[in-house]
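S.K.: okay, sequence plus prediction incoming.
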Protein chains: 2
Amino acid sequence: MRLSRYFLPVLKETPSEAQIVSHRLMLRAGMIKQASAGIYSWLPLGFKVLRRIEQIVHEEQQRVGHIPMLMPTLQSADLWKESGRYDAYGPEMLRIRDRQDRDMLYGPTNEELITDIFRSHVGSYKDLPLTLYHIQWKFRDEIRPRFGVMRGREFLMKDGYNFDLTKEDALHAYNRHLVSYLRTYERMGLQAIPMRADSGPIGGDDTHEFLVLAETGESEVFYDSQITDLKFGDREIDHDDHAACAAVLEEFTSRYARTDETHDEALFSQVPEDRRRTARGIEVGQIFYFGTKYSEPMGARVQGPDGKPVPVHMGSHGIGVSRLLGAIIEASHDERGIIWPEGVTPFHAGIVNLKQGDAEADAACEALYAALRGLGLDPLYDDTKGGAGAKFATMDLIGLPWRITVGPRGLKNGVVELTSRRTGESEEMPPEQAVERIAQVYAGIL
Amino acid sequence: MRLSRYFLPVLKETPSEAQIVSHRLMLRAGMIKQASAGIYSWLPLGFKVLRRIEQIVHEEQQRVGHIPMLMPTLQSADLWKESGRYDAYGPEMLRIRDRQDRDMLYGPTNEELITDIFRSHVGSYKDLPLTLYHIQWKFRDEIRPRFGVMRGREFLMKDGYNFDLTKEDALHAYNRHLVSYLRTYERMGLQAIPMRADSGPIGGDDTHEFLVLAETGESEVFYDSQITDLKFGDREIDHDDHAACAAVLEEFTSRYARTDETHDEALFSQVPEDRRRTARGIEVGQIFYFGTKYSEPMGARVQGPDGKPVPVHMGSHGIGVSRLLGAIIEASHDERGIIWPEGVTPFHAGIVNLKQGDAEADAACEALYAALRGLGLDPLYDDTKGGAGAKFATMDLIGLPWRITVGPRGLKNGVVELTSRRTGESEEMPPEQAVERIAQVYAGIL
């Protein structure tokens, strides 16, 4: 993309309404604009990151055999009356009456709707196991929406639902989700720690939240420091292998790690004192096993191997897609702006032309732009007439991991400058080498 | 995808509620399930086609320089009061009150919201031209939702908005959209004819609808038969070239083609009698130029070259993404089911194993499956134990353009059977050749 043809409305001033750094930076970098309280428009730069995150979630869900679909945003109240949650759910549920006076709602979650689809179409244990998921906008009518996309009212979530014949199979689905989530978050440059959690209105006993450590997190967390040494890395886990998935769960959840909701001081005190940590965390996902909580009242049964109908065992599993943008920025920024991990960056590299209009500089930038695009990369070329200081400030603010700076002086010596946003280190090299270096960085990521 | 691991709930019976063929076939092929009146869940097969269509729309929008973003589904009523449309819009607008008693609505379109974004961030003519678009769910509370996704209440639409300094520039944006739309629909295997239309609640004088001819179309259309000979093909049009875009508009709109809303019998009678046609059509898109209808009341002005503020000239441009699935099926099916054009097919080819469990047949299918996937194609392998008749019926129903049939008898002679869904013709050939033939078909498409 050429900046002169893009829509990147960066702000010089820090917006006064933003209390936390990710909200401030998303506004300043021209990523979002509030449409009404807790509801945002995603400007082009924000939308690009949202799509990258969504794409990673799709890829990792499908890698473990989960099947994508899409449920609507508005639901009929009838199904929620069947499950008993219509009255149980508080004022966070946005209730709507349509022109025919039917009670509707903007879905905050989809257990009822997916259970209805299941019971309408699946009748035999032979069709199990089955895990369906979607990525769709949800609404929770928060009384005090704040922190930008971190606690908005309209938000994008991946929610997936497993249907299994037995509790054992459903717990495998739970473990498989945990494995898949660890990989998903690491691809986004995040360490998200599974912590024993409270199930809230979803229900069930088995549930883990995934938390990213950050000073501005909404939850207080307590953990054994050994847990932050764990990496999932590029292990290849057979997602059908019960024992392999259970071993990953065991490895990542056997050490103490809880939020304030489930914290147990007596248990925590058994962790060696030098490894006890308290910090704050941002929730970016949660997995649940809740057995037959929905399948019983809603009659989601299959015929078992013995011919008798049995209610299926279910779980649901969420990733906060839009909130992840905030979480990533909270975990990765400095005083000059955002620092995108390569896995989710909106543009793979920035090209800054120090003297737009200079024939040689323009030609060198065009060649770099074409070379990067030819490799399947997505660069942002600042081809405007602004000064060097303003161009660098914008690139730093929007956080592209790599910047190539092109100017007449360097070109006389046959070099451009390659700068890492994370380390701030710059190195001069011929343009071809800069392209090659950037290609190498992304070779392992895309 | 292996069918044994997929969720494809095909129906044997024709659902009684479906009045038109696309609705019947989408239900029977397990593509959608009604969630409530006029609101659908997109089951995996339907979601795949929806995504393919969405992807084509994204690619073609970006090819002509339009910038993707995303606006929310819910909007504050305040902006609509500013434009004067809050009261003007009928009961099709779903009005919502949130827990703080604020008036909200589920957006049926986004002129107000995009104009607000524009006026907040753009101040100079130097930032023009600008065209922003998004693909987002909309809601229109139809009194009688029907015809499945063709007239649903919650529907997916691409809507784009151009901002220009002058009427002439805005008319170029209009022409550019027409060029882009012609290409977009042809990639989906559709002939969509631009017809002079009525502007309705969007406003403005210049507007064309794009109509696909089909017996079940909601509009009566009148046209000169020469128009159906026009093809856009793979022309390369410079989207910045005013004259080139205007010439395409001239070519595709100079012959008589109107819907019943704007039909002029006197003009129509000037078309030579043997070329006069009346038929029915399905609307799949519409483009509008409406000048300063929103920029004036909402104060969307830029500083012109002379330093004086002027309201921008705007237009909006829609493609009915979810309704396109219905339109494509109406235009392309037979008595056995759907016939997907290659550009939007959910799977590129089907593999039918006539004797699942036979070591040689299984191995041959696995090899075909791996070979197609290795080429970046997305095959559906029916690896279930069903009989040949049922397997063929399912493949015909879901409409994959190509089927490879593998059985022990053919394999003895070193051949499999390649069948075209459209022509019904089958040909025996070695498996490698079948893969090559399919690869060739898609080489020009993907």
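M.R.: Looks like it arrived, so ask away.
S.K.: helix or strand right after the longest strand seen in chain A?
M.R.: Among the elements of chain A assigned as strand by DSSP state E, the one spanning the most residues is strand A:276-291. Next in sequence after strand A:276-291, counting helices and strands by DSSP states H and E, comes helix A:295-298.
S.K.: in a strand, residue A:13, correct?
M.R.: No: assessed by DSSP: H, G, I helix; E, B strand; the rest coil, residue A:13 does not belong to a strand; its assignment is coil.
S.K.: so who does it touch?
M.R.: Applying CB atoms under 8 Å, 6 or more residues apart in numbering or on different chains, we find residue A:13 in contact with no residue. C-beta: built from backbone N, CA, C; applies to glycine.
S.K.: ok, now with 10 Å
M.R.: Taking CB atoms under 10 Å, 6 or more residues apart in numbering or on different chains, we find residue A:13 in contact with A:27, A:28.
S.K.: phi, psi for it please.
M.R.: With angles defined as degrees, to the nearest 10, residue A:13 sits at phi -80, psi 150.
S.K.: may I see the buried residues of the longest strand of chain A?
M.R.: Residues of strand A:276-291 classed as buried: A:277, A:279-291 (neighbour count, 16 or more other CB atoms under 10 Å in any protein chain shown).
S.K.: what about chain B: which of those residues touch it?
M.R.: By CB under 10 Å from any CB of the partner chain, no member of the buried residues of strand A:276-291 lies near chain B.
S.K.: which one of those is nearest to residue A:436?
M.R.: residue A:284 (34.3 Å; CB to CB).
S.K.: hmm, residue A:181 and the closest one touching each other?
M.R.: Yes: with contact defined as CB atoms under 10 Å, residue A:284 reaches residue A:181; the gap is 8.9 Å.
S.K.: joint contacts of those two?
M.R.: Taking CB under 10 Å, 6+ apart as the criterion, residue A:284 and residue A:181 both touch A:192, A:210, A:318, A:319.
S.K.: sheet-wise, list the partners of the one helix or strand residue A:210 maps to with their directions.
M.R.: Secondary-structure assignment from DSSP H and E places residue A:210 in strand A:206-213. Strand A:206-213 has the following strand partners under DSSP bridges: strand A:192-196 (antiparallel), strand A:276-291 (antiparallel).
S.K.: quick check: phi and psi on the residue in the stretch 151-300 of chain A positioned nearest to chain B?
M.R.: Closest residue of the stretch 151-300 of chain A to chain B, CB to the nearest CB: residue A:154 (4.9 Å). With angles defined as degrees, to the nearest 10, residue A:154 sits at phi -100, psi 120.
S.K.: for the closest residue to residue A:337 other than its chain neighbours, give me its contacts.
M.R.: Leaving out its chain neighbours, the residue that sits closest to residue A:337 by CB to CB, 6 or more residues apart in numbering or on different chains is residue A:397, at 3.6 Å. Residues counted as contacts of residue A:397 (CB under 10 Å, 6+ apart) are A:8, A:10, A:11, A:12, A:25, A:28, A:29, A:30, A:333, A:336, A:337, A:338.
S.K.: so residue A:397 lies in a helix, does it not?
M.R.: Yes: Residue A:397 forms part of a helix when assessed by three-state DSSP.
S.K.: how far away is it from chain B?
M.R.: Distance of residue A:397 to chain B, given as CB to the nearest CB, to the nearest Å: 15 Å.
S.K.: residue A:94 too?
M.R.: Taking CB to the nearest CB as the measure, residue A:94 falls 6 Å from chain B.
S.K.: the residue nearest to that residue when sequence neighbours are not counted: neighbour count?
M.R.: Distance criterion CB to CB, 6+ apart; nearest residue to residue A:94, sequence neighbours excluded, is residue A:106 at 4.3 Å. Using other CB atoms under 10 Å in any protein chain shown, residue A:106 is surrounded by 25 other residues.
S.K.: go ahead and confirm residue A:106 touches residue A:141.
M.R.: Yes: with contact defined as CB under 10 Å, residue A:106 reaches residue A:141; the gap is 8.4 Å.
S.K.: which neighbours do those two share?
M.R.: Applying CB under 10 Å, 6+ apart, one finds that residue A:106 and residue A:141 are jointly contacted by A:93, A:94, A:95, A:153, A:154, B:98, B:104.
S.K.: show me the helices in chain A, by range?
M.R.: A:21-28, A:44-63, A:77-83, A:85-88, A:111-121, A:167-187, A:242-253, A:265-268, A:295-298, A:321-331, A:359-374, A:388-398, A:408-412, A:431-443 (DSSP state H).
S.K.: the last one: which residues count as buried?
M.R.: Within helix A:431-443, the residues that count as buried by 16+ other CB under 10 Å are A:431, A:434, A:435, A:437, A:438, A:439, A:441, A:442.
S.K.: no more questions from me, cheers.
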